[in-house]
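output the structure for:
(2 chains)
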Amino acid sequence: MPRVTIDGHTIEVPNGTTILEAARMIGGEIVPPAMCYYSKLKTTGGYCRTCIVKVSKGSEKDPRPMPKPVASCRTTVMDGMEVQNITSPDLLEARAGVVEFLLLNHPLDCPICDQAGECHLQDLGYQNGKVKTRYEFDRREFDPIDIGDKIKLHMKRCIHCFRCVKLAEQLTPGRYHGMLNRGDHSEISTYIEHAVDNEFSGNMIDVCPVGALTDRTFRFKSRVWYTNPEDAHRTCTKCSGKVRLWLKGEEVLRVTARKDKYGEVIDWICNECRFDKKKTSDWVIEGPTHIDRHSVISANHYESLKSLKLDVDKQKRQLVHTKNLLGEGALNPNNE
Amino acid sequence: MRQLLIDNITSSTSLSDYKSHGGYAALEKALKMKPEEIVAEVQKSGLRGRGGAGFPTGMKWSFIAKPEGVPRHLVCNADESEPGTFKDRYLMQHKPHILIEGMIISSFALGANLSYIYIRGEMMVQFHILQKAIDDAYAAGLLGKNILNSGFDLDLHVHCGGGAYICGEETALIESLEGKRGNPRIKPPFPAIAGVWGRPTVVNNVETIAAVVPIINMTGDEYAKIGVGKSTGTKLISASGHINKPGVYEIELGVPVEEFIYSEQYCGGIKGGRKLKAVVAGGSSVPVLPTELILKTAKGEPRLMTYESLGDGGFATGTMLGSGGFIVMDETTSIVKNLFNFSRFYHHESCGQCSPCREGTGWMEKILRKILDGRGTIADIDLLWDIQSKIEGKTICPLGEAAAWPVAAAIRHFRPEFEEYVRNPQNIKDVKHYYRLNNLVEV
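Numbering: from 1, shown residues only, chains lettered A, B, ... in the order given. Next up is the predicted model:
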C-alpha cells in the first residue's frame, strides 16, 4: 500500500487512491476543495481546477517534483509521494486565481439564490476569494429556463462542473442535456425539443455545487437557514427512500437526498420521493440531521438545540407518565 | 541541403509518379524487417515529434501497451491549425503518398491493423487528395489484406474533423474521432494505454509519420547524422509574415536563424528592406522574440533552427521550435495588435472544460481590446501579466499555455509598446502614427 504525505500528514492508502481521497481520509483543513469532483459519480473531476495541489516529490522511485500543479481528484498517489496543499503559498495563490476565474461569470446573487447557505462556491469565495473583483466587463446573461417540469436552470450561475451531465449519463437512461458551444460561450442546455424528464432527474439539483439547477417546488419558499433538516425514510420501490426533509414548522418545504460531510449524495432518490411526498405523514422521521461540515445550519447549533428540545419533551413525558402512575400530588414531598 | 520529404514534390500526387521517384521502396524494405527492428531504427534516428512538442518518436512508440488480443491503433494528427503553421497541409496536398507509406510502415511497426488520418474539416482539398491516394493504394495492394504478400493487413481511414483547434490536442482528437465533443481527456491514462475506443493508440503528426519513410530508406543512423545534437533530420518550416519569399521550406535542423531569414534559399530577407522587429518561431503559441534575441542565444552565439538552440535559456531569452510556424514581423508591426489577434484566436478556440482557460482567455482578449481602443491603463498591463500566470500550468491541456505564453512574452519583451498604447492612445489608435514614429514610408 502506498504511503503519501500531505502537508506533513502521512497516511497509507489502497492502490489507486487519489490525492484528494487520501486527504479526505486524513481529514481536516488539508482537504482540497472540490467543485466538480463527485465521488459517487465516475469520471468526474479535473475540470474546475480548485483541487489543484503541488506535488513536491513524485514518489520514492522518482522523487522529482511534478512540474505543474495537478488536479488532486484525478491524480493517484504513488509510494513516497509528498504533496503540499495549504502549506504552499504558491499553490494557495494559484487556487485564489481559480476562484477568481470561477467568479468571473458567476453573479454574487447569494441574497436571492436558493443555494445560499449550501453553496460550495460561496464557501470557496470566502476562503480563497478577494474582496474586490478585478473583472470590469459585462458578465454573461441568460434568462432562467425550465429544463423539465421540476427543474429550473439559471445558466448564468453555472460553473461548468459537468456534474449534472455526468449524473445524466450514469443514472438516467437517455441523454437529453449536455454542454453546447465552446469556451466562455459554453452552456448547459437540453437538446432540441427535449426536456429533462426521468425518474431520477431531481438528483441533478443535488449535485449542482452552485445555484444553477433549482427545485421548482421549493424555489423562493425559504432561506435554507430558516428550515430544519430532519432525516426520514419511507418504503419506496424505486429508490432507497432515505431522504432529508427540510421543515418549517410542520410543513415540508423541500425533500433532498442525504449528503455526507463533503456535500455529496449518499443515496440517490427518485423524483416521487423528492417532489411528490411533501407531508410529514408520508415519512417516518428519524430525527434531526447531523451536520458536521461548516454550514449556516450547524452554525446556529440547530442540532444541539433540537436535541435539547427533544430531551426536554422526553423528560416532560416521563414526568407526566410518573404522575399518572403515582396519582395526583404523588411528587409533592409534603405528602410523604 | 538535403530534402527528404518534399524533394521532387511536383506531380507526386499520383501513385505512379510517386513510385517512379522511389516511392514505396521503404515499405517493401520495412515489411521484410521485424516490427521491433523498425522501432529500433526510428529510435536510432533521433526523430522527434514534429507537431510541436518534440517528444522522441521512437520512445513514444515503445510506450504502447501490448495486451494480448487487444487491437492497437495509429492515428495521424492532420488537424493542423495553429496560426502560422501550414506545412502538413502542404505535404498532404503535394505528396500524399509519403504520408500513406509512412502510415503503413508505422502501423506495421506498432502492430496496428486499423489506422486513421484525422484531418481538419476545413482542409477539403487535401482530404480529397488523400482519399484518392488511399483508394489508389488499396487498388495497388498497398493497403487492405496481405499487403505486398507480407501477411500484414491494414485498413486506413481519413476522418474529417469538425474544424476546432482543440481537436489537434491528441486526447481531444481521440474524443472527436470517437464521435464525441472534442474535449481533451484528463491524463492519465495516456493514449498509449487507453486511446481510441479505449485501446492502445499512438498519435503522431503528419510530418513525423512521413519522416519514417526516409529513415527506413537511409537507416536511422544515417538520418541521425543530419542536424545538430538531439535535433536530428530535416524539418518543414512554414514561413510567413513580412518576408520576401513566404512558403514551406525543408531545412536540415541546425540552419542559423539569420541565414533562414535573410538567405535567398529560404525567406529572402525582410519585405521592403525594412528592419526585423520580432519573430514567432514555432507557431503562434510559442513566445515571440525580439531581433536581439532571435538572432543570438543568451551566450551571444548564433541561434540555430534546433529544438535546443531556440529554447536556450528558457522563455526569458528563448522560445521553441514548436510546429515550425515561423512568423516574421518587421518594424512596422504592432505587437499589441498582433497579440490581440492571437488572444482572440485562443479565446475562440478554448473548449470551455476547465475554469482558467474558459474564463481567462476571454478576459485577456477583453483587456487587450480595451488597450487597443485607447482605454487601457498601466494596471491593465500588470493585470494581463497576472492573468496569464494564473492560466499557465493550471489547465487540463496545453491550450492554456498556448494562450498564456504569447501574452507573457509580448509583455516581457515589448512592455514599452504596451505602455505607449496606454499613455498616448490618441496617437497609437492611428496606424499612420507608426510610420511617422519610425520615420517610415507608408506602403
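
now whichever residue of the stretch 151-300 of chain B sits closest to chain A: closest residue in space, sequence neighbours ignored.
Residue of the stretch 151-300 of chain B nearest chain A, by CB to the nearest CB: B:Ile186 (4.1 Å). In short, each C-beta sits where N, CA and C put it, glycine included. Nearest residue to B:Ile186 in three dimensions, chain neighbours excluded: A:Gly46, at 4.1 Å (CB to CB, 6 or more residues apart in numbering or on different chains).

so where does the residue of the stretch 151-300 of chain B closest to chain A fall, helix or strand?
Using DSSP states H and E, B:Ile186 sits within no helix or strand.

my read: it touches A:Val70, true?
No. Counting by CB atoms under 8 Å, A:Val70 is not a contact partner of B:Ile186; they are 10.1 Å apart.

ok, the residue of the stretch 151-300 of chain B closest to chain A - contacts?
A:45-46, A:71, A:74, B:396 (CB atoms under 8 Å, 6 or more residues apart in numbering or on different chains).

let me see the contact set for the residue of the stretch 1-150 of chain A found nearest chain B.
The minimum distance from the stretch 1-150 of chain A to chain B, using CB to the nearest CB, falls at A:Gly97 (3.3 Å). With contact set as CB under 8 Å, 6+ apart, A:Gly97 has these partners: B:356, B:389-390, B:394.

possible to save those residues as CSV with pLDDT?
What follows is the contacts of A:Gly97, written out as CSV (pLDDT from 0 to 100):
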residue, pLDDT
B:Pro356, 97
B:Ser389, 96
B:Lys390, 96
B:Lys394, 95
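
now neighbour count and distance to B:Gln93 too, for those residues, in CSV please.
Below are the contacts of A:Gly97 laid out as CSV (neighbours: other CB atoms under 10 Å in any protein chain shown; distance: CB to CB, whole Å):
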residue, neighbour count, distance to B:Gln93
B:Pro356, 29, 37
B:Ser389, 16, 40
B:Lys390, 21, 40
B:Lys394, 25, 38
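
helix or strand right after the helix or strand the residue of the stretch 1-150 of chain A closest to chain B falls within?
If you go by DSSP H and E, A:Gly97 is part of helix A:89-104. Next helix or strand after helix A:89-104 toward the C-terminus (DSSP H and E): helix A:120-128.

that next one and chain B, are they touching?
No. Using CB under 8 Å from any CB of the partner chain, helix A:120-128 stays clear of chain B, coming no nearer than 11.0 Å.

buried residues, that helix. List them.
Within helix A:120-128, the residues that count as buried by 16 or more other CB atoms under 10 Å in any protein chain shown are A:120-125, A:128.

now pLDDT and distance to B:Met124 too, for those, in CSV please.
Converted to CSV, these look like this (pLDDT from 0 to 100; distance: CB to CB, whole Å):
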residue, pLDDT, distance to B:Met124
A:His120, 92, 46
A:Leu121, 94, 44
A:Gln122, 92, 49
A:Asp123, 90, 50
A:Leu124, 92, 46
A:Gly125, 92, 48
A:Asn128, 90, 48
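
and of these, the nearest to B:Glu417?
Closest approach between the buried residues of helix A:120-128 and B:Glu417, by CB to CB: A:Asn128, at 34.4 Å.

how about the closest residue to B:Ile209 other than its chain neighbours, secondary structure?
Closest residue to B:Ile209 apart from its sequence neighbours, by CB to CB, 6+ apart: B:Gly102 at 3.9 Å. Per DSSP: H, G, I helix; E, B strand; the rest coil, the local secondary structure of B:Gly102 is helix.

same question, the one 4 residues further on
Taken by three-state DSSP, the conformation at B:Ser106 corresponds to helix.

go ahead and confirm it touches B:Ile209.
Yes. Assessed by CB under 8 Å, B:Ser106 is found in contact with B:Ile209 at 5.5 Å.

how about the residues of chain A near chain B?
For chain A, the residues in contact with chain B (CB under 8 Å from any CB) are A:45-50, A:52, A:67-69, A:71, A:74, A:94, A:97-98, A:100-102, A:104-105, A:134-135, A:137, A:159-160, A:162, A:178-179, A:181-186.

bridged to the residue lying closest to B:Gly195 once chain neighbours are set aside, which residues?
Setting aside the residues directly before and after it, B:Gly195 is nearest to B:Thr201 in space (CB to CB, 6+ apart), at 2.4 Å. Under DSSP bridges, the beta-bridge partners of B:Thr201 are B:His73.

tell me the SS of the spatially most central residue of chain B?
Centroid-nearest residue in chain B, with CA atoms, centre = their mean: B:Ser323, separated by 2.5 Å. Three-state assignment for B:Ser323 (three-state DSSP): coil.
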